[in-house]
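K.L.:
the following block contains a protein sequence and its predicted model.
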Amino acid sequence: MKRIHFIFVVLGLIWISGIAIYMSSHQQVEIKSPTNVDTYPPNKPTKKVLQCEYIDIVYTWVNGSDPKHIDSRTMRSGSKRHSQPGNNRYRDLMGLKYSLRSVRKYAPWIKNIWVVSASQYPTWFDETNDEINFIFHKDYYTNQDDLPTFNSNSIESNFYSLPKEVSDCFIYFNDDIFFGSPVAMKDFYDPTYGQAIYKSGWTAPQSKEKQANIWHACIAYTNDLLNNLWEVDNKNRHYASHGHQFFTREVFERMYNDLEGEFKKTSANPFRTAHDLQIPFLYLAYVSRFYATYEPSPINYYALIMDDHEKMKKEFAKILAKKPKTVCLNDGLSPENPNVKVIEELEKFFEKYFPDKPSWEL
Ligand SMILES: *[C@@H]1O[C@H](CO)[C@@H](O)[C@H](O)[C@H]1NC(C)=O
């Protein structure tokens with residue numbers, strides 16, 4: 001063999017083995033990626049695949065300690081029951097502040113960030129920034145007579161008419177949920193397989209005793225409405241996993257067309273009633289029935305913030321060690337005098353998780 005040919009053969013071998021090494025390492029990265037979805041359907045879906053050009057995130061947030069908010073709550077309800085500043089349904093534990101930090105840290109591919117509020121801004125928020133957009137209830141409610149509202153079912157039942165600037169597909173967070181580690185679009189949506197769904201172990205309807213709790217009652221009520229529309233084996237009627245939701249305009253329009261009267265009724269209830277639509281449950285039933293969906297392994301972690309300081313220290317340490325993809329920290333502190341030590345511990349936890357101050361904070 002001429003020497004020049006020999007050199008070409010060697011170069012060729014190096015080139016081929018380079019490709020092989022690159023491919024095997026690349027494959028490993030794919031497999032190890034924390035954002036991989038585990039369960040894809042084996043075949044192409046037969047149902048319609050929702051189209052998402054890009055994905056936004058929508059928050060609902062309220063500062064229930066704001067004296068103006070307390071006044072309008074009291075006026076609207078005609079009772080003191082809703083008026084305590086600490087009422088934990090409305091209390092602000094800085095969840096939104098750190099959750100917004102978590103979006104840019106762990107889900108930078110999310111395009112626009114929207115916060116739905118009752119004409120309030122957080123005190124730490126720089127209103128001159130243009131990275132976070134606020135939508136006030138009065139800007140998107142079809143029926144302005146339904147305002148002011150203090151009912152999350154009402155707020156969510158108007159999502160079909162969110163401003164058109166909001167993407168057709170969006171992740172929905174309450175202000176007590178944040179991203180705890182990197183997430184990929186495939187955790188929520190895949191252009192080939194459709195929408196990822198996350199079910200809770202609970203199915204509807206739960207027992208009458210459970211339905212004494214208004215949240216279960218709303219789901220049972222919504223389940224009855226669904227049964228009037230189409231028959232489904234009850235054991236397949238799952239609650240939506242408590243945590244993030246993924247919503248699309250197309251499904252909302254479809255639900256609204258079928259249940260317009262119910263949407264209007266729920267919208268008009270300023271406080272929760274047992275006959276409200278429960279939107280995440282309704283949405284899950286609709287999207288599973290009419291559209292292509294797939295079920296990745298669970299990503300929502302849920303914890304209750306309680307007054308026991310030692311217990312909460314352990315809980316926060318556990319979250320920091322496990323880093324679930326989404327974390328819901330539900331306010332279970334005492335309404336009248338929450339343990340201040342726990343609130344301080346929570347802030348320390350958040351600062352450790354998300355230390356970098358973004359441009360939209362003062
Ligand atoms: C909520 O309102 C209270 C009272 O006006 C204020 O002290 C507090 O800083 C507000 N919290 C946020 C996060 O805006």
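P.N.:
Perfect, I can see it now.
K.L.:
what does the stretch 51-200 of the chain have sitting close to the ligand?
P.N.:
Contact residues (C-beta under 6 Å from any ligand atom) of the stretch 51-200 of the chain with the ligand: 63, 65-66, 92, 122-123. Backbone N, C-alpha and C define where each C-beta goes, glycine included.
K.L.:
which single residue in the stretch 151-300 of the chain comes nearest to the ligand?
P.N.:
Proximity to the ligand, evaluated over the stretch 151-300 of the chain using C-beta to the nearest ligand atom, is greatest for D175 at 9.6 Å.
K.L.:
out of the residues of the stretch 51-200 of the chain next to the ligand, list just those in helices.
P.N.:
Residues of those located in helices (DSSP state H): none.
K.L.:
taking the stretch 201-350 of the chain, what residue is nearest to the ligand?
P.N.:
E347 (12.1 Å).
K.L.:
so what's the residue count around S65?
P.N.:
The number of residues packed near S65 is 14, by other C-beta atoms under 10 Å.
K.L.:
next one: R237
P.N.:
Applying other C-beta under 10 Å, I find that R237 has 21 neighbouring residues.
K.L.:
pretty sure H69 is in a strand, no?
P.N.:
No - using DSSP: H, G, I helix; E, B strand; the rest coil, the assignment for H69 is helix, not a strand.
K.L.:
how far away is the residue nearest the centre of the chain from F188?
P.N.:
In the chain, the residue lying closest to the centroid (C-alpha atoms, centre = their mean) is H244, at 2.4 Å. Distance from H244 to F188, counting by C-beta to C-beta, to the nearest Å: 8 Å.
K.L.:
overlap of the contact sets of the two?
P.N.:
Counting by C-beta atoms under 8 Å, 6 or more residues apart in numbering, the residues touching both H244 and F188 are I171.
K.L.:
and I219, that one's in a helix?
P.N.:
Yes - judged by three-state DSSP, I219 forms part of a helix.
K.L.:
residues contacting it?
P.N.:
With C-beta under 8 Å, 6+ apart, I219 has these contacts: 204-206, 239, 278, 281.
K.L.:
looking at K357 now. What's its pLDDT?
P.N.:
K357 carries a pLDDT score of 96 in this model.
K.L.:
element containing it?
P.N.:
Counting by DSSP states H and E, no helix or strand carries K357.
K.L.:
E262 too?
P.N.:
Applying DSSP H and E, one finds E262 within helix 260-267.
K.L.:
off-centre distance for the helix or strand that that helix is followed by?
P.N.:
Sequence-wise, the next helix or strand downstream of helix 260-267 (DSSP H and E) is helix 279-290. Taking C-alpha atoms, centre = their mean, to the nearest Å, one finds the center of helix 279-290 at 15 Å from the center of the full chain.
K.L.:
and helix 279-290, average pLDDT?
P.N.:
On average, the pLDDT along helix 279-290 is 96.
K.L.:
so which elements touch it?
P.N.:
For helix 279-290, the elements it packs on are helix 152-157, helix 214-229, strand 238-240, strand 245-248, helix 249-258, judged by 3 or more C-beta pairs under 8 Å, 6 or more residues apart in numbering; DSSP states H and E.
K.L.:
list the buried residues in stretch 329-341.
P.N.:
Burial within stretch 329-341, assessed by neighbour count using 16 or more other C-beta atoms under 10 Å, is assigned to 329-331, 333, 338-339.
K.L.:
sorry, that was for stretch 104-116
P.N.:
Buried residues in stretch 104-116 (16+ other C-beta under 10 Å): 104-107, 110, 112-116.
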